[in-house]
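Asks: Got a predicted structure plus its sequence, pasted below:
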Amino acid sequence: MTVEAGYGVDVRKADALSPAELYRLLKLRVDVFVVEQNCPYPELDGKDFDALHLRLLGDGELLAAARIFAPSQEEPEARIGRVVVSPARRGARLGDAVMREAIALCERSFAGIAIAISAQSHLAGFYASHGFEIVSDEYLEDGIPHVDMRRTGR
């Protein structure tokens, strides 16, 4: 675990999380992506056990998280997804912190490999501030406009 700005950063596979930790992670994602965004879609998509889960923690509370996939035969780029910040902690730049950590992890683990994301279109500027460029036309995913973005491997 590293510490940045008083927050701990934890990265583990889903099966290394305790049941309570996994529950809090999945609950945060459902609360934001399904309930808050009023978007009924299958948040539990069967991919969590293939991913690394980066969690930003403070005072025993889950503040923000992201899901990271290694490159594979089918997906030659590393992938960051399910970037989420607790609604109670918005405005504290935790989205920036979790993205910096996720990018750094990808660069350490998959040196020289590009990083891909599927971004909600209204957040393209946020991801661009972290070095991502739009590489697709806008499309609907679960009824929400998205664009594919890519950050060149370094």
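Replies: Nice, thanks for sending it over.
Asks: Can you show me the helices along the protein?
Replies: 19-29, 94-109, 124-128 (DSSP state H).
Asks: Could you take these and lay them out as CSV, with extra columns for mean pLDDT and distance to residue 139?
Replies: No exception for glycine: its C-beta is placed from N, CA and C like everyone else's. Below are the helices of the chain laid out as CSV (pLDDT from 0 to 100; distance: least, CB to CB, whole Å):
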stretch, mean pLDDT, distance to residue 139
helix 19-29, 95, 21
helix 94-109, 95, 22
helix 124-128, 96, 13
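Asks: hey, which of these is tucked in deepest?
Replies: helix 94-109 (a mean of 18; mean count of other CB atoms under 10 Å).
Asks: any idea how far that one is from the chain center?
Replies: From the chain centre to the centre of helix 94-109 is a distance of 9 Å (CA atoms, centre = their mean, to the nearest Å).
Asks: got the contact list for it?
Replies: 2, 4-5, 7, 9, 11, 52, 54, 56, 63-66, 68, 70, 78, 80, 83, 85-86, 113, 115, 126-127, 129-131, 151, 153-154 (CB atoms under 8 Å, 6 or more residues apart in numbering).
Asks: hmm, 7 Å instead?
Replies: For helix 94-109, contacts defined as CB atoms under 7 Å, 6 or more residues apart in numbering pick out 4-5, 7, 9, 11, 54, 56, 63-66, 68, 78, 80, 83, 85, 115, 126, 130, 151, 154.
Asks: Likewise for stretch 146-154?
Replies: With CB under 7 Å, 6+ apart, stretch 146-154 has contacts from 77, 103, 107, 112-121, 124, 127, 131-136, 138-139.
Asks: Narrow the residues you listed to those that are buried.
Replies: 77, 103, 107, 113-117, 119-120, 124, 127, 132 (16 or more other CB atoms under 10 Å).
Asks: got those residues as JSON lines, with distance to residue 34 columns?
Replies: Compiled in JSON lines, those are given as follows (distance: CB to CB, whole Å):
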{"residue": "77", "distance to residue 34": "26"}
{"residue": "103", "distance to residue 34": "26"}
{"residue": "107", "distance to residue 34": "31"}
{"residue": "113", "distance to residue 34": "31"}
{"residue": "114", "distance to residue 34": "29"}
{"residue": "115", "distance to residue 34": "25"}
{"residue": "116", "distance to residue 34": "23"}
{"residue": "117", "distance to residue 34": "19"}
{"residue": "119", "distance to residue 34": "18"}
{"residue": "120", "distance to residue 34": "14"}
{"residue": "124", "distance to residue 34": "22"}
{"residue": "127", "distance to residue 34": "21"}
{"residue": "132", "distance to residue 34": "25"}
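Asks: Good, wrapping up.
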